[in-house]
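J.: A structural model of the following input is requested.
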Amino acid sequence: MSNPDWEAWRQEFPGLHKSTYLNTVSLGQLSRRSRAAINRFLDLWEAYGASAWYAYWLDEVDGLRAEFARLIGAGVDEVAIMPNISSALAAVSSSLDFTQRQRVVSTELDFPTITHHFLAKGREGVAPSIIPAPDQVSVPLEAFEAAIDRKTALVATCRVYFTSGYIQDVQAVADLAHRKGALCLIDDYQGTGQVPIEVKAAGVDFLVSGGLKWLIGGPGVAYLYVRRELISGLQPSVAGWFGQLRQFDFDPHHLEFRPDARRFEAGTPSVAAVYTAKAGLEIINEIGSHNLRQRTALLNQDLVRRLGEHGYHLRIPSDSRHHAGITILEIDDPLAITHKLAERGIIVDKRPGAVRVSPYFYNTLEENQIFVQALDEITGRK
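T.: Okay, here's the model as predicted:
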């Protein structure tokens, strides 16, 4: 889509008329299309009962897989539909051999789901290594290079850091991992949709993401990309009947995985979530991630300028090219401030020592102004 009509797209999200909503990085707005999709799911459930599985619902899961593959430049056979990131990490880590290489390299800026997962795997002999980030904004490539060695099995890190909005060069990270014989897993929950990615060009081995933030699809669905060349050699020990080649043979004696990424899918998917997620992804793909990046960058640069002019201290990348749609404002008592903003109908989020603001394509420059003016009044600057 060239030259999107942003005001027309704004009308797709009725909730934007009920508040000044600047919190997409916590939960994307509900679209009319997603609401219609979940109603369609309910109508099919009512009309067809169990037959809806075979007549409609499994096709919808396949359609969702195709929409995500299109967004990240992957093959449909390289995408698995998961319930959450934790399940995706479990599927991947249960497939890897840590007997010769025990180390997993992450950073302290990564979302804790990554480090928590591999800290728990430490009971099985896995050795997590967490790179510090002194400036709490980014981790230099030199630190990755120093941390990755011949004992490293996996580098698992985020493309966008959730507490600074910094966009990592994941192609460079993947290259460093591969030079030492390690694999690279990217958690892209904070980035997919708002910042373009082509997984083939990036050279990553695994990518996980989810629907509830920038993909405006709500909770209950996550995505796992696995590079095609790896799939046949990975045998997950976290397995279920949806990952089996002859699923409906109901054979309890034999385990034979599907030949594609669906082998990582375990149990029955949440079909209601699939419907809302697919509707959200359709919108993202129609607009195009490059258009979304330009629009979100415009809104965030405007927000950064306004906050800077008013003397607020920001924890963000110094180079706007590395700044995703997350602006971190360091401030005293962020809990009280987010509550006072909410009383005025302005929705942002808090993190330790900071307020987090995340405008998206459906927001406006005027909403930035509303937020900054209210913040001035609450903090006594005006």
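J.: contacting residues for Ile316?
T.: Applying C-beta atoms under 8 Å, 6 or more residues apart in numbering to Ile316 gives the contacts 137, 164-166, 304, 323, 327-328. For every residue, glycine as well, the C-beta is placed using N, CA and C.
J.: try 7 Å this time
T.: Residues in contact with Ile316 (C-beta atoms under 7 Å, 6 or more residues apart in numbering) are 164-165, 304, 323, 327-328.
J.: mind listing which of those residues are in helices?
T.: Under the assignment DSSP state H, the contacts of Ile316 contribute Val304 to helices.
J.: and the contacts of Ile316 as TSV, adding pLDDT?
T.: Converted to TSV, the contacts of Ile316 look like this (pLDDT from 0 to 100):
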residue	pLDDT
Ser164	95
Gly165	96
Val304	97
His323	97
Thr327	97
Ile328	96
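J.: what does stretch 61-74 rub up against?
T.: By C-beta under 7 Å, 6+ apart, the residues outside stretch 61-74 that reach it are 75-76, 78-79, 81, 192, 197-200, 207, 223, 225, 269, 274, 277-278, 281-282, 284-285, 289.
J.: can you give me the strands in the stretch 1-150 of the chain?
T.: Taking DSSP state E, counting those that start in this stretch, the strands of the stretch 1-150 of the chain run over residues 20-21, 79-82, 103-107, 127-131.
J.: and what of the stretch 151-300 of the chain?
T.: Using DSSP E, counting those that start in this stretch, the strands found in the stretch 151-300 of the chain span residues 152-158, 183-187, 206-210, 222-226.
J.: what's the closest of these to Glu12?
T.: strand 206-210 (20.7 Å; C-beta to C-beta).
J.: Can you name every helix or strand that that closest one contacts?
T.: Strand 206-210 is packed against helix 85-93, strand 183-187, strand 222-226, with contacts defined by 3 or more C-beta pairs under 7 Å, 6 or more residues apart in numbering; DSSP states H and E.
J.: from the ones you listed, which stretch is densest packed?
T.: Comparing the helices and strands packed on strand 206-210 by mean neighbour count (mean count of other C-beta atoms under 10 Å), strand 222-226 ranks first with a mean of 27.
J.: and that one, which strands flank it?
T.: Strand pairing for strand 222-226, determined by DSSP bridges: strand 79-82 (antiparallel), strand 206-210 (antiparallel).
J.: Out of those strands, which gets nearest to Leu30?
T.: Across the strands paired with strand 222-226, closest to Leu30 is strand 206-210 (C-beta to C-beta), at 15.9 Å.
J.: Using CSV, list the CA coordinates for that closest one.
T.: The C-alpha trace of strand 206-210 is given here as CSV (Å, rounded to 0.1, in the frame of the first residue of the first chain):
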residue,chain,number,x,y,z
PHE,A,206,14.8,-19.1,14.8
LEU,A,207,12.4,-16.2,15.3
VAL,A,208,9.6,-16.0,17.8
SER,A,209,6.9,-13.3,18.0
GLY,A,210,3.3,-12.8,19.0
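J.: contacting residues around the residue nearest to Val137 when sequence neighbours are not counted?
T.: Spatial nearest neighbour of Val137, chain neighbours left out: Ser164 (4.4 Å); criterion: C-beta to C-beta, 6 or more residues apart in numbering. Remark: with contacts taken as C-beta under 7 Å, 6+ apart, Ser164 is in contact with 109, 136-138, 315-317, 328.
J.: try Leu22
T.: Counting by C-beta under 7 Å, 6+ apart, Leu22 touches 346-348, 357-359, 363, 367, 371.
J.: re earlier: please dump the contacts of Ile316 into CSV; it should also carry distance to Ala66 for every row.
T.: Output for those, formatted as CSV (distance: C-beta to C-beta, whole Å):
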residue, distance to Ala66
Ser164, 33
Gly165, 30
Val304, 36
His323, 31
Thr327, 33
Ile328, 35
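J.: measure the residue most central in space within the chain to Thr113 for me?
T.: Nearest residue to the geometric centre of the chain (C-alpha atoms, centre = their mean): Tyr189, 1.1 Å. From Tyr189 across to Thr113, the span is 9 Å (C-beta to C-beta, to the nearest Å).
J.: Identify the contacts common to those two.
T.: Ile85.
J.: The strands paired with strand 222-226: which one's closest to Glu256?
T.: The minimum distance between Glu256 and the strands paired with strand 222-226 falls on strand 79-82, with 16.7 Å, by C-beta to C-beta.
J.: so what does the strand or helix carrying Phe371 touch, helix or strand wise?
T.: Using DSSP states H and E, Phe371 sits within helix 365-379. Applying 3+ C-beta pairs under 7 Å, 6+ apart, one finds that helix 365-379 contacts strand 20-21, helix 289-309, helix 334-343, strand 346-347.
J.: Point out the most buried one among these.
T.: By mean count of other C-beta under 10 Å, these have strand 20-21 as the most buried, with a mean of 22.
J.: partners of that strand, with directions?
T.: Strand 20-21 has these strand partners (DSSP bridges): strand 346-347 (parallel).
J.: one step back: I'd like the contacts of Leu22 written out as JSON lines, with pLDDT added.
T.: Formatted as JSON lines, the contacts of Leu22 follow (pLDDT from 0 to 100):
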{"residue": "Ile346", "pLDDT": "98"}
{"residue": "Ile347", "pLDDT": "98"}
{"residue": "Val348", "pLDDT": "98"}
{"residue": "Val357", "pLDDT": "98"}
{"residue": "Ser358", "pLDDT": "97"}
{"residue": "Pro359", "pLDDT": "97"}
{"residue": "Asn363", "pLDDT": "98"}
{"residue": "Glu367", "pLDDT": "98"}
{"residue": "Phe371", "pLDDT": "98"}
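J.: Perfect, I'm done here.
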